[in-house]
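Colleague: Below is the structure, and that's it, no one-letter string:
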Ligand SMILES: [Zn+2]
């Protein structure tokens with residue numbers, strides 16, 4: 001009997017416990033219901049450690065911020081750098097606490113720095129023009145290649161990033177400004193006769209002159225001996241060296257001046273020096289002559305100045321080397 005009594009007591013206690021548990025569960029359900037009804041999951045938003053507001057649409061706000069920082073090709077914006085990304089902390093606030101997504105967005109983006117992306121057309125290593133799109137830049141290069149611009153091998157496209165947007169040029173402007181005609185080689189009249197019996201083109205070998213020559217001017221070689229082009233129907237009888245107007249021309253070797261003047265033959269003002277053994281050198285298109293016929297000159301002596309007299313389209317020296325009236329390639333002996 002005693003044992004039965006104990007068992008009954010335990011059973012009663014258990015029943016009471018179950019009732020209590022059910023009660024507690026119901027209370028919890030009611031509490032959660034109240035929370036859902038009156039509270040809303042809200043995020044406290046901080047920027048650089050400072051609370052700037054609250055949002056209940058964390059993902060929507062963050063997406064909007066992300067979109068703001070992203071590439072905007074139409075305005076050449078590569079990306080927008082912002083000081084800091086906001087941080088979020090979950091908190092429970094009463095429903096009547098105001099969220100301020102717009103204010104937060106404004107605060108996050110107020111110090112945004114746009115980084116622009118654009119393209120530079122380069123010539124050599126210099127940036128010449130800026131264009132908005134790669135497509136336009138490519139178009140410029142293509143058009144210049146089609147026109148066979150002299151500088152086409154020096155042109156390039158460089159992608160640029162910067163905080164400042166450059167002024168963009170149009171494709172047409174770039175093409176017309178960058179286009180360079182291929183060097184027009186000066187044309188000469190070949191009716192002149194300072195050495196009428198000479199023939200051009202003994203480039204068959206390195207004929208020994210018996211003397212050594214120095215470069216009469218330093219400059220850029222614009223036309224080589226023997227070259228042909230559309231404006232010349234003979235092959236080129238000398239070497240053209242472009243140099244600034246007035247540059248001193250030196251005697252390539254010592255000798256005697258056999259001609260100094262303007263024969264109206266296309267060479268303009270020119271000098272011929274005889275070096276003995278049938279070797280002569282010719283210096284044409286000079287702006288002024290510093291020696292006269294019969295005068296002896298030493299190697300390196302100033303004999304004339306660079307110009308563009310006679311059949312010439314720019315300041316340059318037309319330099320010839322002749323042996324027994326035959327023009328030889330000056331580059332065998334100089335330059
Ligand atoms: Zn020439």
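Modeller: All right, it came through fine. Quick caveat: nothing in here was measured; it's all calculated off a predicted structure.
Colleague: number of nearby residues for residue 146?
Modeller: Residue 146 is flanked by 10 other residues according to other CB atoms under 10 Å. All C-beta spots, glycine's among them, are computed from the backbone N, C-alpha and C.
Colleague: again but with residue 247, I slipped
Modeller: 21.
Colleague: Spatially, which residue comes closest to it, not counting chain neighbours?
Modeller: residue 306 (4.1 Å; CB to CB, 6 or more residues apart in numbering).
Colleague: Tell me which residues touch the residue in the stretch 201-335 of the chain that the ion sits nearest to, please.
Modeller: Nearest residue of the stretch 201-335 of the chain to the ion (CB to the ion) works out as residue 318 at 3.4 Å. By CB atoms under 8 Å, 6 or more residues apart in numbering, the contact list for residue 318 reads 186, 188, 238-240, 267, 270, 282-285, 312.
Colleague: rerun at 10 Å
Modeller: 186, 188, 223, 236-241, 266-268, 270, 282-286, 310-312 (CB atoms under 10 Å, 6 or more residues apart in numbering).
Colleague: How about residue 89?
Modeller: 42-46, 51, 54.
Colleague: Need the three-state assignment for it.
Modeller: The local conformation at residue 89, judged by DSSP: H, G, I helix; E, B strand; the rest coil, is strand.
Colleague: Next one: it relative to the ion, how far apart?
Modeller: Distance of residue 89 to the ion, computed by CB to the ion, to the nearest Å: 83 Å.
Colleague: pLDDT score for that residue?
Modeller: For residue 89, the pLDDT comes out at 87.
Colleague: For it, which residues count as its bridge partners?
Modeller: Going by DSSP bridges, residue 89 is paired in beta bridges with residue 44.
Colleague: Let me know the average pLDDT across the lengthiest helix in the chain.
Modeller: As assigned by DSSP state H, the longest helix anywhere in the chain is helix 2-38. Confidence over helix 2-38 (mean pLDDT, whole number) is 82.
Colleague: list the buried ones in that helix?
Modeller: For helix 2-38, the neighbour count (16 or more other CB atoms under 10 Å) marks no residue as buried.
Colleague: tell me what that helix is packed against?
Modeller: strand 87-94 (3 or more CB pairs under 10 Å, 6 or more residues apart in numbering; DSSP states H and E).
Colleague: what's the angle between the strand it packs on and helix 2-38?
Modeller: 110 degrees (axes from the mean of the first three to the mean of the last three CA atoms, to 10 degrees).
Colleague: and strand 87-94, how far out from the chain's middle?
Modeller: 51 Å (CA atoms, centre = their mean, to the nearest Å).
Colleague: What lies in contact with the next helix or strand after it?
Modeller: The first helix or strand that comes after strand 87-94 along the chain, using DSSP states H and E, is helix 101-109. Here helix 101-109 makes contact (CB under 10 Å, 6+ apart) with 45-47, 50, 52-58, 60-62, 64-65, 68-69, 80, 82-86, 100.
Colleague: Among these, the buried ones, what's the PyMOL command?
Modeller: Of those, the buried ones can be selected in PyMOL as follows, counting by 16+ other CB under 10 Å:
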select buried, resi 45+46+47+52+53+54+55+58+61+62+64+65+69+82+86
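Colleague: can you tell me which of the contacts of helix 101-109 are in helices?
Modeller: Per DSSP H, the contacts of helix 101-109 map to helices at 58, 60-62, 64-65, 68-69.
Colleague: which one among those residues gets closest to the ion?
Modeller: Nearest to the ion among the ones in helices among the contacts of helix 101-109 is residue 69, at 62.1 Å by CB to the ion.
Colleague: State the helix or strand in which the residue of the stretch 1-150 of the chain found nearest the ion lies.
Modeller: At 18.5 Å from the ion, residue 150 is the closest residue in the stretch 1-150 of the chain, using CB to the ion. Counting by DSSP H and E, no helix or strand carries residue 150.
Colleague: Next, it: phi, psi?
Modeller: Per-residue torsions, residue 150: phi -60, psi -30 (degrees, to the nearest 10).
Colleague: Number of residues surrounding it?
Modeller: 14.
Colleague: Local confidence estimate at residue 241?
Modeller: 93.
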